[in-house]
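> here are the coordinates; sequence isn't available:
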């Protein structure tokens, strides 16, 4: 293994471990409060490093699988962060570039005929389609659904956590057969939580508190 590969792998592991811990703090803390904001921000930074190092390692190791997963994680992490910074969800040039790139990545994931990539590819397709639909609404000057930014933030950031937890489990658990069970287990567990949190924090009593507290 080259020095560059070793450095990238070390960074990937360190920041991946940090993301696992920070993600738990962010998800378990009250939304809009200081702990949630701080842990959420550092989770975003950690996952940014994780995704970038995964993409670079995939190029060095010629791993299409790792490349697709890295792009997918980067897309969710970026989109979840952008939702907080851009509550009107007005698309920038960078938003368009990342979503189009993610759409291309999604097509290759589904076309790979690998079960895990197909599953994540279908999820990615629904996410990208949802964002492009909002972009279209802005283009046509149509009103977007209220609290769409919060729905996007929750879904994308928890989705990002799912990606790093999945990677951790796959690397460290090798006694469960078939192995694709380990790949989809975090998705099966956390998807109902995404639905629950989305409903909880977009209900009218919670709306004002969230809007007032999240910067």
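Ah, there it is. All of these numbers come straight from a predicted model, not from anything done at the bench.
> chain center to stretch 161-181, what's the gap?
17 Å (C-alpha atoms, centre = their mean, to the nearest Å).
> Contacts for that stretch next, please.
16-17, 19-20, 23, 27, 43, 47, 50, 69, 72-73, 76, 115-116, 182-183, 185-187, 190 (C-beta atoms under 8 Å, 6 or more residues apart in numbering). In short, each C-beta sits where N, CA and C put it, glycine included.
> can you check stretch 192-206 too?
31, 147, 150, 151, 154, 155, 158, 159, 210.
> which one in these is the model shakiest on?
When these are compared on pLDDT, residue 210 comes out least confident, at 51.
> Now the phi/psi pair for residue 31, please.
phi -60, psi 130 (degrees, to the nearest 10).
> Please tell me how far it sits from residue 39.
12 Å (C-beta to C-beta, to the nearest Å).
> Kindly report the same for residue 134.
Using C-beta to C-beta, residue 134 is found at 27 Å from residue 39.
> now residue 142
Residue 142 is 35 Å from residue 39, by C-beta to C-beta.
> Neighbour count: those two, which is higher?
residue 39 (19 against 9; other C-beta atoms under 10 Å).
> Who are the contact partners of the more buried one?
22, 23, 25, 26, 29.
> And what about it, helix, strand or coil?
helix (DSSP: H, G, I helix; E, B strand; the rest coil).
> Relative to residue 150, how far out is it?
In terms of C-beta to C-beta, residue 39 sits 18 Å off from residue 150.
> one step back: farthest-apart pair in the contacts of stretch 192-206, please.
Across the contacts of stretch 192-206, no pair lies farther apart than 159 and 210, at 19.2 Å, counting by C-beta to C-beta.
> I'd guessed residue 78 sits against residue 99; true?
No. Counting by C-beta atoms under 8 Å, residue 78 does not reach residue 99; the two are 9.7 Å apart.
> about what we covered before: who has more neighbours out of residue 159 and residue 210?
Using other C-beta under 10 Å, the more surrounded residue of residue 159 and residue 210 is residue 159, with 25 against 15.
> ranges for the helices of this structure?
3-28, 34-61, 64-85, 93-111, 115-139, 148-172, 180-202, 204-213 (DSSP state H).
> Mean pLDDT lowest where, among the ones you listed?
Minimum mean pLDDT among the helices of the chain: helix 204-213, a mean of 53.
> still on that earlier bit, using PyMOL, define a selection of the buried residues within the contacts of stretch 161-181.
With 16 or more other C-beta atoms under 10 Å as the criterion, this PyMOL line picks the buried residues out of the contacts of stretch 161-181:
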select buried, resi 16+19+20+23+27+43+47+50+69+72+73+76+116+182+183+185+186+187+190
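> Residue 11 - nearest residue in space that isn't next to it in sequence?
Excluding its sequence neighbours, the residue lying closest to residue 11 (C-beta to C-beta, 6 or more residues apart in numbering) is residue 53, at 5.2 Å.
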